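Q: predicted model, plus sequence, below.
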Amino acid sequence: MSTTNPVTTSTNVNSLSIPGHKYSVRIAQTREKIEEALRLRFDVFNIELGEGLDSSFKNKMDEDEYDAQCHHLIVVENASDRVIGTYRMQDNAMADSGNGFYTQSEFDVSKFPDQVVENVVELGRACIHLDHRSGRVLYLLWRGLAKYLMLSQKRYLFGCCSITSQNPAEGEAVYQYLQDQDYLSTDYSIPVQDAFECLKFAKNYNYDEEVKLPQLFRLYMDIGVKVCSKPALDSTFKTIDYLILLDIETLSEQSKTLFFK
């Protein structure tokens, strides 16, 4: 993987820095730190959750063809200098200069208006080390996302939000729950790519359990993130994914103060 800074519409984002007593937030600038983030992703996705890419077991890093073109937001434990939290991010210019948006592989994001695509930051691969999985670290990651949006002068966030499952009936049940809770976008309904179609297989499966969203999924919904698609079945990563979108202009004043202070 190259350590050259990816193309972006803003040269300011590499200056992102949120220092703290126990943890610090920044954009990974070296191959060493990027690989730490990739190893953390492997430990969380492949080992802990039993999902992720089979190819990751070769070098124990969760890495795909999009990583080299993206920025990697990291939370570092100051005492050990270890990466203990991460997000992967890119904007439209970075996507255009590389392999596109990861999200496009599962959802036809070209159906979004140009004003969204040109002013969006794609986020994904969010994870936190098990020993540091506190509200504090997630808050710092979100502070980092907010700072990234400000520095890049973007308005929207989108990406895939997942459940660890390969059961299309569970994907349908979660979608129905999201609809019942008014978590679906009323502005956008983005098609799932044919190869990731999920709901057409749901009738061949059963799912009778109570729907429980993963913690990160639930927190996204709580701050006003909207789901803009039906579920997509990702058999490679072993998840069922939903396209989410956040317009920061719709955040409550409390959330804006909390994350953008």
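A: Noted; the coordinates are in hand.
Q: least trustworthy helix or strand in this protein by mean pLDDT?
A: helix 253-260 (a mean of 88; mean pLDDT, DSSP states H and E).
Q: centre of the chain versus it, how much separation?
A: Averaged C-alpha coordinates place helix 253-260 at 20 Å from its chain's average position (Cα atoms, centre = their mean, to the nearest Å).
Q: identify all contacting residues around that helix.
A: By Cβ atoms under 8 Å, 6 or more residues apart in numbering, the list of residues contacting helix 253-260 from outside reads Trp142, Arg143, Leu145, Ala146, Met150, Ile223, Gly224, Ile248, Leu251. The C-beta positions use only the backbone N, C-alpha and C, and glycine is treated the same way.
Q: separation between the last one and Leu145?
A: Yep, that's Leu251 we're talking about. The gap separating Leu251 from Leu145 is 12 Å, by Cβ to Cβ, to the nearest Å.
Q: tell me which of those two has more neighbours.
A: Neighbours of Leu251 and Leu145, each counted by other Cβ atoms under 10 Å, are more numerous for Leu145; the result is 22 against 18.
Q: need the next SSE after the helix or strand Gly124 falls within, C-terminal direction.
A: Mapping Gly124 onto the secondary structure by DSSP states H and E places it in strand 120-128. On the C-terminal side of strand 120-128, the nearest following helix or strand under DSSP H and E is helix 135-152.
Q: mind listing what's buried in that next one?
A: If you call a residue buried by 16 or more other Cβ atoms under 10 Å, then helix 135-152 has these buried ones: 137-138, 140-149, 151-152.
Q: do stretch 89-109 as well
A: Neighbour counts over stretch 89-109 (16+ other Cβ under 10 Å) mark 89-92, 94-95, 98-103, 105-107, 109 as buried.
Q: closest one to Ala126 out of those, please.
A: Closest approach between these and Ala126, by Cβ to Cβ: Met89, at 10.0 Å.
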